[in-house]
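Novice: predicted structure and sequence below. I'll ask about it afterward.
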Amino acid sequence: MPSKKYQIDYAKCLNPAQYEAVMFSEGPLLVIAGAGSGKTRTLTYRVARLVEDGIHPAAILLLSFTRKASQEMLRRAAALLDKRCEQVSGGTFHSFAHLMLRRYGHLLGFEQGFTIIDRADAETLVGMLRKEISTGLKSGTLPRKGTILNIISRSVNKAVAFDEVVYEDYPHLIHHLDALRRIQELYTQRKREMAFCDYDDLLVYLRQLLLMHEDLRRRLAARYEFVMVDEYQDTNPIQADIVALLGEEHRNVMVVGDDSQSIYSFRGADFQNIMRFPETFTGARVIKLEENYRSIQPILDLTNRMIDQAAEKYTKRLFTQKEGGATPALVSTEDENVQSRFVVEKIIDLNAEGVPLKEIAVLFRASFHSFDLEIELGREGVPFIKVGGFKFMEAAHIKDVLAHLRVIEAPHDRLSWYRILLLLERVGPKTAQRIFDAIMAARAGVNGICSLQLKGKRPAGLDRLQDLYATLIAAGESPASVAVLGQQVVDYYTPILRERFDDYPKREKDLDHLLGIMERYSDLTSFLADMALEPPNATVDESMAAEESTGDRLTLSTVHSAKGLEWHTVFIIWSLDGRFPSIHALNKESELEEELRLMYVAATRARERLYFTYPHQIFDRGSGMLLSRPSRFIEPFCASHLAQRHISW
C-alpha cells in the first residue's frame, strides 16, 4: 500500500516489520513484539493510520492494562496526525467493562444499577463474613480478610476452582477450606443482594453479557470495527474471552505482546492466551518485531540463546543496528557479602566513569535478595530507591526480630519494648506501658524482664518472653555469634509470625536470609549499627516517575517491577540455581518456564552492560542442599556468551 496518499510517511518512520503491522488492513493480526522493538510505536502509528483511512475514531477500541498507557498512545497518535486520534475509544479492560455494564447492566438484573466497591470495601465485606463464620469454629483463627479476598480474586482471574487455588497456592490453609469456601459463597451472594460489583465482577459480568445476549454482541461488534489490545500476554482467561467475543463478527482484532515476557501468572495472566491466538482467530497473520532499539548485540545474542530454551514459544531473533559493545559478565563470589561488595564497587566505578546512578539497576528474583546489598550501599553512602517488595528495615517481621535484639544493647529503648510487648496475646498499649514501667523500675537493664514483678493480671505469653531473655542473657555471657542470638529470637518469634501473617512461609524465608547476614557478625553492637545505617529517605514501591524527582539514585528492583523499563547497566544478583530459578519451581515445568521468562525480562532491561552475579556454595536451610551452580538459564552459555570471573576477598 503506497504511503504517498497519507499525511504521515509511514514507510520512512517505521522499520519493515512495524510498517507491515501498521498497514495491515482487515482481519486478525498477532504482533509478537520482542523486547525493545518499538511495540508502543507500532500501536500508535496504526491508530493514526486507521484514522487517516477514514475509520471513525470511536469505532476503534484500544484496550490496555493501565489508563496511563492508553492515554499516552492516543496522545502520541494525535501528535502524529491530529486531535481526531484523541477520540479513539481507549481505556483499560476494567473501564470498558464498567462503561458497558452501566449501559446494559439491566440485562443481567441490575435494574437499579450497581455500586462498584473498591479493594478496601471488598475487604470490609469479607471481614464481616469472616467474623460471622468464625463464631464457634474450633479450627483456630481464620486467615485475615485480605488473604481471603486474594484467594477469591485469584480463583476468578485464573478461572480455576476455589479449592484448587487453596491447594496450589495456600496449602498451609487447607485445614480452613470449608470455612473459606463458605465465606466465598456468602461473599458472592451478598454482593448480588446489595448490587455490589468488585473489580473482578466487572470483567465477569461483561463476559456474561456478551455470551448471553447475541444481539448486543453484534451491536458492539458493529460499533467497534477495529479492536486493538496491548500487552496481550498479560491477559487472563476472562479478558481473552472478551476479546474473542468482541471480534467474533468482524475479526478485525490486533493483539500485541511478547510471549517471552509473560511473567504475571500470580495475577491470573495466562501465557496460553497469546499462544492460542491463531487458533482462536483462524487465519491470523503473525508478524514479529525483531529489530531491537535498546541493547547491544552481545546482550541480544545471549538473550536469544537463553529464550531458545523455552519449551513453547514464538521463535524470534532480536538484532540491532548498534555496533560493538561489551560481552555480558558472569561473576561468582566467595559468599553473599562479597557479591554485595563487588556490586557496590562496580557501581561506584561506573559512576566515576560518567554513568549516572539513575542509569544503573540491580535486579533480583525476590525482595529479600537485596537485604545484604542494601547494608553495603548504606555503608558506602550510595543513594538508592527500592521498587517492588519491601525495604529491609521496613518489613514488619524483620523489625520485630531486630526489636528483640535491640533491647539487649539498649534496655531503655521504649519503642522496641512496645513493639515486643504488643506482640503478646491480649496486650494493648496500656498493658505494654505498665510492663515497660515495671522493667524500668527494676533498674536491672534487660535483666529487668527476667525478674519482673507485675501487679494485677499477668498477660499470657509473658513467661515465654522471660524464658527467651534468660536464654539470651546466658548466651551473651559467653562468646556467641550474633546468629546464635538471632536463632533464639527467631525460634521464639516463629509461632507469633504464623499467628500474625497468613503469608508466613514467605516471611520465614526472609528470616532465614536475615540469619545468614547475622552469621558474618560476632558483635551485636556492630550488627545493629549496620542495620541503622539504611538511608532514612530511601522509600518503598516508588514509581520510576518518583525516582526522577528525587535526584540521581541507583534503582533496586524485583524483576516483576522492572518490566517495561531499561538502564545503561543492569546487575542481576543471586543468579544462582535454586535462587533464580527458585528452588520451589524446579519440579513444576510451567513454573520453571515462567522463571526462564523472568530471567529473560531481567537481562533485556540492559542497554550497554549486563552482569550476572551469584555467591558460591550457599546452604539452603529449607531443602538441606548446597547451592553452587550458576542459574541453569545461563550456565549452558558460560563459555560462549559470557565473560567469567571469580572474586574472593
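Specialist: Perfect, thanks for sending it.
Novice: CA only for contacts and neighbour counts going forward, please
Specialist: OK.
Novice: residue 258 is in contact with residue 37, isn't it?
Specialist: No. At 10.3 Å, residue 258 does not count as touching residue 37 under the criterion of C-alpha atoms under 8 Å.
Novice: show me the contacts for the spatially most central residue of the chain.
Specialist: Geometric centre of the chain, nearest residue: residue 560, 4.4 Å, by C-alpha atoms, centre = their mean. Contact analysis of residue 560 by C-alpha atoms under 8 Å, 6 or more residues apart in numbering lists 263, 264, 388, 598.
Novice: at 7 Å what do you get?
Specialist: With C-alpha atoms under 7 Å, 6 or more residues apart in numbering as the criterion, no residue contacts residue 560.
Novice: check residue 78 too.
Specialist: Applying C-alpha under 7 Å, 6+ apart, the residues near residue 78 are 84, 85, 86.
Novice: now this structure, which segments are flagged as low pLDDT?
Specialist: 1-4, 136-140, 389-394, 477-479, 529-550, 649 (pLDDT under 70).
Novice: can you check which strand is longest in it?
Specialist: Secondary structure of the chain per DSSP state E: the longest strand is strand 606-615.
Novice: tell me the gap between the helix or strand that that one is followed by and the middle of its chain.
Specialist: The first helix or strand that comes after strand 606-615 along the chain, using DSSP states H and E, is strand 618-620. A distance of 25 Å separates the centroid of the chain from that of strand 618-620, by C-alpha atoms, centre = their mean, to the nearest Å.
Novice: other SSEs contacting strand 618-620?
Specialist: The contact analysis (3 or more C-alpha pairs under 7 Å, 6 or more residues apart in numbering; DSSP states H and E) places strand 618-620 against strand 625-627.
Novice: and with 10 Å instead?
Specialist: With contacts defined as 3 or more C-alpha pairs under 10 Å, 6 or more residues apart in numbering; DSSP states H and E, strand 618-620 has these neighbours: helix 504-518, strand 625-627.
Novice: could you give me the buried positions within stretch 143-153?
Specialist: Across stretch 143-153, burial judged by 16 or more other C-alpha atoms under 10 Å covers 143, 145, 146, 147, 148, 149, 151, 152, 153.
Novice: report back the residue of the protein that's furthest from centre.
Specialist: Max distance from the centre of the chain (C-alpha atoms, centre = their mean): residue 455, 48.7 Å.
Novice: out of the helices and strands packed on strand 618-620, which gets nearest to residue 100?
Specialist: Closest to residue 100 of the helices and strands packed on strand 618-620 is helix 504-518 (C-alpha to C-alpha; 39.6 Å).
Novice: so for the closest one, what gets flagged as buried?
Specialist: Result for helix 504-518 [16+ other C-alpha under 10 Å]: buried residues 504, 507, 508, 510, 511, 512, 513, 514, 515, 516, 517, 518.
Novice: from the residues you listed, which is closest to residue 353?
Specialist: Out of the buried residues of helix 504-518, the member with the shortest distance to residue 353 (by C-alpha to C-alpha) is residue 517, at 31.1 Å.
Novice: touching, the closest one and residue 337? I think so.
Specialist: Yes. With contact defined as C-alpha atoms under 10 Å, residue 517 reaches residue 337; the gap is 8.2 Å.
Novice: common neighbours of the two, please.
Specialist: 372, 375 (C-alpha atoms under 10 Å, 6 or more residues apart in numbering).
Novice: residues in contact with the residue farthest from the centre of the chain?
Specialist: 434, 435, 438.
Novice: quick one, longest helix in this protein?
Specialist: Identified as the longest helix of the chain according to DSSP state H is helix 482-500.
Novice: show me what it is packed against.
Specialist: Helix 482-500 packs on helix 396-409, helix 462-476, helix 504-518, helix 524-532, going by 3+ C-alpha pairs under 10 Å, 6+ apart.
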